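**Student:** With the input below, show me the fold.
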Amino acid sequence: MIRVNIQTQKVEATANAASKDLQNISATIAVNGNVQASFAKELYRNLGDASLVADKIINPSIQESVKAATAKYTAEELITKRTAVSQDIRVLLVEKLERWGIVVTDVNIVNFQFSADFDAAIENKVKAEQEALAEKNKLESVKFQAQQSIERAKAEAESIRIQAEAIKSQ
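**Tutor:** The predicted structure follows:
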């Protein structure tokens, strides 16, 4: 008799892939799932050892699912639409693993890592946006100060006009 653990277990794997805009990505994915009891005998017959389920079935499925899912999104979307990416990976994994009697209960993207060049480009973009915003704020400040000067000049001119009328009427 061979014992097969059918409790929920976590398998974590790192997958290298490319985004829609061809940015290299390294993703760490955690998958929670369990083997259905009715499939335990079949898994043992095919693998010879139930401990090989992660190495021979789950990890390759994670690799393929991550590659397929990330190819639909740009690098920026992988971050901003993380929930959708995770859901896409989950759907693909469920499809791949159900034939082995493995039930996927949860998929989590632990980490996305991009190339150093891409990270630098994002940092430069954010920095440029911040500088542009600072310049815009300076321009608004100059405009406001100019408007204040105009209003002061108008008030001064009005004061002089009133004083001139008062002198004239005396």
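**Student:** Could I get the average pLDDT for the helix or strand hosting Glu123?
**Tutor:** Per DSSP states H and E, Glu123 falls inside helix 116-169. The average pLDDT for helix 116-169 rounds to 89.
**Student:** pretty sure Val85 is in a helix, no?
**Tutor:** Yes. Under DSSP: H, G, I helix; E, B strand; the rest coil, Val85 sits within a helix.
**Student:** tell me the SS of Asn108?
**Tutor:** strand.
**Student:** which residues touch it?
**Tutor:** Counting by Cβ atoms under 8 Å, 6 or more residues apart in numbering, Asn108 makes contact with 29-32, 86. From N, CA and C alone the C-beta is placed, and that goes for glycine too.
**Student:** repeat for Ile6
**Tutor:** Ile6 neighbours (Cβ under 8 Å, 6+ apart): 34-37, 40.
**Student:** Those in helices, which ones?
**Tutor:** If you go by DSSP state H, the contacts of Ile6 have Ala40 in helices.
**Student:** Near Ala164, how many other residues are there?
**Tutor:** 10 (other Cβ atoms under 10 Å).
**Student:** ok, it to Ser86 distance?
**Tutor:** From Ala164 over to Ser86 the distance is 76 Å, taken as Cβ to Cβ, to the nearest Å.
**Student:** Quick check: phi and psi on Ile25?
**Tutor:** Ile25 adopts backbone torsions of phi -130, psi 140, taken as degrees, to the nearest 10.
**Student:** What residues are recorded as beta-bridge partners of it?
**Tutor:** Residues in a beta bridge with Ile25, per DSSP bridges, are Ala17, Phe114.
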